[in-house]
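Colleague: This is a predicted model, with the sequence first.
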Amino acid sequence: MTATRNVCYTLINVPMDMEPPSEVRLKMDLEKGQIKAKTEALKKVIIMILNGEKLPGLLMTIIRFVLPLQDHTIKKLLLVFWEIVPKTTPDGKLLQEMILVCDAYRKDLQHPNEFIRGSTLRFLCKLKEAELLEPLMPAIRACLEHRHSYVRRNAVLAIYTIYRNFEHLIPDAPELIRNFLVNEKDASCKRNAFMMLIHADQNRALDFLSTCIDQVHTFGDILQLVIVELIYKVCHANPSERARFIRCIYNLLQSSSPAVKYEAAGTLVTLSNAPTAIKAAAQCYIDLIIKESDNNVKLIVLDRLIELKEHPTHERVLQDLVMDILRVLSAPDLEVRKKTLQLALDLISSRNVEELVIVLKKEVIKTNNVTEHEDTDRYRQLLVRTLHTCSVRFPDMAANVIPVLMEFLSDSNEAAAADVLEFIREAIQRFDSLRPLIIEKMLEVFHAIRAVKIYRGALWILGEYCITKDDIQSVMTEVRRSLGEIPIVENEIKKELGEVKAGDEVMTAPVQRLVTEMGTYVTQSALSSSWPSKKEEDRPPLRGFLMDGNFYVAASLATTLTKLALRYVSLVQDKRKQNSFVAESMLIMSTVLHLGKSVLPKKPITDDDVDRISLCLKVLSECPPLMHDIFNKECRESLSRMLTVKLEEEKLSQKKESKKRSIAVQADDPIFFMQLTAKNELTSKEDQFQLSLLAAMGNTQRKEAADALASKLNKVTQLTGFSDPVYAEAYVHVNQYNIVLDVLVVNQTSDTLQNCTLELATLGDLKLVEKPSPLTLAPHDFANIKANIKVASTENGIIFGNIVYDVSGAGSDRNCVVLSDIHIDIMDYIQPASCTDAEFRQMWAEFEWENKVTVNTNMTDLNEYLQHILKSTNMKCLTPEKIDLQWSRHCKTASSGFCGFMAANLYARSIFGEDALANVSIEKPIHLGPDALLSGHIRIRAKSQGMALSLGDKLNLSQKKSRT
């Protein structure tokens with residue numbers, strides 16, 4: 001554990017409060033104690049040796065008094081003891097006592113108990129001394145013929161490791177294992193033997209596979225997995241062998257084991273680009289997703305399908321399997337459904353869009369009949385958005401989709417209804433031929449809408465796109481129907497007075513007389529402040545919204561009535577009818593305005609809504625041509641511009657994606673020779689099995705800086721000073737949910753430091769997994785200590801602690817060196833992400849923690865500052881750049897050419913699933929000249945306090961850095 005780090009095969013828990021026993025006491029227990037005392041003493045000896053103690057005087061004692069015992073627990077402990085005990089003298093020669101140990105293990109290899117034989121064989125895999133192994137070779141060979149499979153399979157492993165480390169001890173190992181494999185019947189033994197041949201003598205493994213290639217489908221799954229690995233490696237190294245084994249891989253796609261099918265499909269894709277092979281592999285993946293119940297497995301296999309789609313030639317094959325992919329929607333997990341719908345959208349084409357839309361329509365209808373559940377509503381939203389995208393890409397499908405989706409405008413789930421409304425708004429603007437159908441369906445469901453936000457949007461659509469006389473009259477009829485009898489205030493007072501008279505004898509609470517703005521008296525009691533439920537049910541929807549105090553819908557109603565009235569005046573020549581329609585519109589606005597200023601609604605009308613309704617009344621009374629253009633032309637042009645920008649953004653992102661996926665080879669491109677290619681340039685030519693093993697071990701190669709050594713040095717933190725008796729520095733390696741601290745500890749004194757312990761503590765949502773074990777440092781020696789820390793959430797964390805040690809031979813108290821703090825950067829856990837505007841607004845309203853950061857920088861360019869913020873926080877800008885550019889064009893000034901204002905929404909998500917939102921509002925005072933500093937605020941919102949504070953700290957820190 002000092003200069004070089006040995007491979008560790010055994011982990012032992014060490015109680016921290018245990019006192020180190022004396023060597024004399026241990027010797028007595030090992031010599032004269034009972035079995036239990038000897039067991040405990042042997043455990044203590046093992047722990048002390050692991051901590052760096054030598055204890056040479058106990059070696060002969062253990063050989064004489066412990067080794068001959070037949071107790072199974074002691075035999076297991078002895079295996080650990082012989083693994084860690086020094087077996088050589090300082091000059092490298094084998095200790096004489098080890099000959100006695102070798103003889104004992106020769107007897108164990110011939111023991112009648114199969115467990116002792118197997119355990120001994122496993123121990124021999126860890127020995128690195130050829131002199132110890134040589135006398136045991138005949139006994140190891142004999143174990144290949146033992147009646148029990150546990151002994152035989154461990155014998156194969158022992159022979160493999162001995163052949164790999166000391167080939168001269170058993171030069172005929174491949175031939176021996178080849179003969180063993182032919183006669184062996186046990187699946188686990190055959191698997192180990194075949195695995196050895198793969199690594200030791202691949203030609204013999206191939207010869208064996210050739211003799212039984214037609215029976216591969218009858219083998220056990222563990223052997224089939226090894227066969228798949230062999231075929232992959234052989235074909236990877238020698239592509240001409242592909243034709244020989246491709247049929248075997250096809251057969252393994254029909255295996256009963258899901259693991260074998262998964263590996264076989266992945267191997268088939270790497271070996272062949274033929275459409276039939278890709279189709280077979282994709283079909284296998286789809287069957288796995290449908291049949292496997294584990295959602296994690298479904299998501300992993302879905303990722304493999306998505307990887308297949310990235311290849312242009314494979315994408316065409318997958319387009320024919322879209323209907324099979326949609327079978328995955330039967331899974332109940334929302335994340336699986338989300339990925340499936342996204343994959344289907346990416347594979348959509350004119351050939352399969354009609355079938356796709358039919359399936360999605362059925363799924364939408366199905367969600368209406370299912371018992372309400374949180375995921376059902378969100379799934380319905382996903383389906384609506386998918387149908388929306390299909391209709392935008394393929395306008396012919398819109399006519400089939402709209403009638404089904406219009407029914408959901410009256411849905412209780414406001415989010416799904418909002419998605420439907422957004423789709424309808426876009427469809428009615430893009431597709432002129434569908435406008436009559438949409439208006440007709442909208443008028444049918446208008447009265448059933450129960451959400452105020454949806455009602456507001458529906459009013460806007462009807463006011464903007466009803467252009468015929470009949471449609472305008474129908475909208476007015478629906479508005480009057482939804483509003484009830486007018487004037488509203490008088491009608492509500494009459495109803496209330498009627499209710500009071502009918503139940504006069506029931507009311508016992510004290511009453512008081514109030515005077516309304518109209519000058520009439522109304523009686524109010526404690527009971528009258530809450531309306532009876534029956535009356536609320538009978539109330540028309542629009543009147544219900546107004547009585548609840550939602551007067552923003554009244555402003556929308558006023559705008560809609562103004563548009564309709566102005567359009568009606570231009571369509572109808574009869575002055576009497578014109579005046580009648582305009583007067584009715586003004587009456588509705590006036591009665592709403594009157595209601596808002598009365599005491600009847602739960603909340604009074606706001607000044608903004610009063611101004612909007614008053615403006616609409618003024619426009620209808622004067623009818624200026626300018627306002628006519630603004631109401632009936634500019635609104636639609638603004639929507640058209642927004643949809644155009646949105647479409648251009650989508651096309652641009654699709655173009656970037658297709659550009660990434662397209663494999664273009666130019667005539668003058670250099671030829672790459674695999675033997676001469678650097679490791680970091682290998683992509684598909686890398687061994688996928690090796691890559692997956694490295695990924696499982698957390699050793700994935702990240703894209704580091706050009707100088708890998710410099711990149712690692714940037715993560716080294718100095719913990720103590722150069723003049724301290726113990727120098728320490730740490731390399732901080734962040735691997736998703738774990739932080740690994742590799743601490744280098746150097747003894748800078750001439751004394752031996754005993755029980756040198758790294759004591760760590762954490763601040764924040766960090767947890768130390770296990771305490772590092774104490775060790776002994778020789779004079780001027782050094783050692784590496786690793787500590788694992790678990791990360792639970794996205795929050796700035798601090799790791800602090802000290803190093804304590806005892807000086808050998810000194811009678812003083814323990815010495816302590818305090819370490820510098822290690823600050824864990826939140827940016828290691830935050831990744832850019834995307835979400836829709838509606839999702840952003842919903843999260844913004846729900847998240848309760850907000851952190852407001854004042855802009856304080858020396859930058860003078862708005863866009864430069866935004867890019868700096870994005871780079872510093874790993875967030876993604878959701879606001880399209882073209883909208884800002886168009887806004888800037890509309891705000892040109894003589895001095896600068898652009899307006900000095902920018903607003904943008906940013907979004908990111910942590911690896912723990914936590915969302916982070918930010919709104920940037922910055923301006924550059926134009927009147928102060930081109931060198932004026934930026935000012936403004938950045939508002940951060942998150943679900944947890946730690947996330948909001950940590951991001952705010954990061955922003956402040958990055959601003960300070962920019963100022964320097």
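Modeller: All right, it came through fine.

Colleague: Leaving out the residues flanking it, which one is nearest to residue 870?
Modeller: Leaving aside its sequence neighbours, residue 870 sits nearest to residue 877 (CB to CB, 6 or more residues apart in numbering; 6.0 Å). (Glycine included, C-beta is placed from N, CA and C.)

Colleague: Revised request: answer the last question for residue 161.
Modeller: The spatially closest residue to residue 161, leaving aside those adjacent along the chain, is residue 125, at 4.4 Å (CB to CB, 6+ apart).

Colleague: Show me what the longest helix seen in the chain is packed against.
Modeller: Determined from DSSP state H, the single longest helix within the chain is helix 635-661. In this structure, helix 635-661 packs against helix 414-430, helix 452-465, helix 881-890, with contacts taken as 3 or more CB pairs under 8 Å, 6 or more residues apart in numbering; DSSP states H and E.

Colleague: thinking again about what came up before, quick check: the residue nearest to residue 870 touching residue 906?
Modeller: Yes: shown here, residue 877 and residue 906 form a contact pair, counting by CB atoms under 8 Å, at 5.8 Å.

Colleague: which residues of the stretch 401-550 of the chain fall in strands?
Modeller: Assigned by DSSP state E, counting those that start in this stretch, the strands in the stretch 401-550 of the chain fall at 511-515, 521-525.

Colleague: could you give the mean pLDDT of the last one?
Modeller: Okay, so that is strand 521-525. Mean per-residue pLDDT for strand 521-525: 44.

Colleague: again with stretch 839-848
Modeller: The pLDDT scores in stretch 839-848 average 86.

Colleague: quick one: contacts of that stretch?
Modeller: Stretch 839-848 has contacts (CB atoms under 8 Å, 6 or more residues apart in numbering) with 415, 835, 878, 905, 907, 915, 917, 919, 941, 942, 943.

Colleague: Out of those residues, which sit inside helices?
Modeller: In helices, defined here by DSSP H, the members of the contacts of stretch 839-848 are residue 415.

Colleague: and which of the contacts of stretch 839-848 is nearest to residue 858?
Modeller: Nearest to residue 858, judged by CB to CB, of the contacts of stretch 839-848 is residue 919 at 22.5 Å.

Colleague: ok, and the closest non-adjacent residue to that closest one?
Modeller: residue 939 (4.8 Å).

Colleague: So what's the residue count around that neighbour?
Modeller: By the measure other CB atoms under 10 Å, the count of residues near residue 939 is 16.

Colleague: wait, isn't residue 602 in contact with residue 548?
Modeller: Yes: counting by CB under 8 Å, residue 602 does reach residue 548; the two are 5.5 Å apart.

Colleague: So between these two, which is more surrounded?
Modeller: Comparing residue 602 with residue 548 by other CB under 10 Å, the one with more neighbours is residue 548, at 15 against 11.

Colleague: OK, contacts around the more buried one?
Modeller: By CB under 8 Å, 6+ apart, the residues touching residue 548 are 601, 602, 603.

Colleague: repeat for residue 139
Modeller: With contact taken as CB under 8 Å, 6+ apart, residue 139 is in contact with 106, 109, 110.

Colleague: if we go to 10 Å?
Modeller: Neighbouring residues of residue 139 by CB atoms under 10 Å, 6 or more residues apart in numbering: 105, 106, 107, 108, 109, 110, 117, 120, 121, 124, 155.

Colleague: do residue 244 as well
Modeller: Residues counted as contacts of residue 244 (CB under 10 Å, 6+ apart) are 206, 209, 210, 213, 231, 234, 235, 238.

Colleague: Please name the nearest non-neighbouring residue to the first one.
Modeller: With sequence-adjacent residues excluded and distances taken as CB to CB, 6+ apart, residue 206 is closest to residue 234, at 6.5 Å.

Colleague: A helix includes the one you found, no?
Modeller: Yes: with DSSP: H, G, I helix; E, B strand; the rest coil as the criterion, residue 234 is located in a helix.

Colleague: Could you double-check that it sits in contact with residue 207?
Modeller: No: under the criterion of CB atoms under 10 Å, residue 234 makes no contact with residue 207, lying 12.0 Å away.

Colleague: For residue 274, what are phi and psi?
Modeller: Residue 274 has phi and psi values of phi -70, psi 140 when expressed as degrees, to the nearest 10.

Colleague: and it, how many neighbours?
Modeller: Around residue 274 there are 13 other residues, counting by other CB under 10 Å.

Colleague: average pLDDT across the helix or strand hosting residue 138?
Modeller: For residue 138, the host element (DSSP states H and E) is helix 137-142. Mean pLDDT, computed over helix 137-142, is 90.

Colleague: Can you tell me how far the closest residue to residue 631 other than its chain neighbours is from residue 28?
Modeller: Once flanking residues are discounted, residue 631 sits nearest to residue 563: 5.1 Å by CB to CB, 6+ apart. The gap separating residue 563 from residue 28 is 102 Å, by CB to CB, to the nearest Å.

Colleague: out of the contacts of stretch 839-848, which is most surrounded?
Modeller: That'd be residue 942 among the contacts of stretch 839-848, by other CB under 10 Å, with 26 neighbours.

Colleague: What residues does it make contact with?
Modeller: 794, 843, 847-851, 908, 910, 914-918, 948-952.

Colleague: switch to 7 Å and redo it
Modeller: Residue 942 makes contact with 847, 849, 914, 915, 916, 948, according to CB atoms under 7 Å, 6 or more residues apart in numbering.

Colleague: likewise residue 360?
Modeller: Residues counted as contacts of residue 360 (CB under 7 Å, 6+ apart) are 383, 386, 387.

Colleague: out of those residues, who's nearest residue 159?
Modeller: residue 386 (57.6 Å).

Colleague: in terms of contact, does the closest one touch residue 343 like I think?
Modeller: No: if you go by CB atoms under 7 Å, residue 386 and residue 343 don't touch, sitting 10.9 Å apart.

Colleague: what is in contact with these two at once?
Modeller: By CB under 7 Å, 6+ apart, residue 386 and residue 343 have no common neighbours.

Colleague: what's the nearest residue to residue 341 if we skip its chain neighbours?
Modeller: Spatial nearest neighbour of residue 341, chain neighbours left out: residue 386 (4.9 Å); criterion: CB to CB, 6+ apart.
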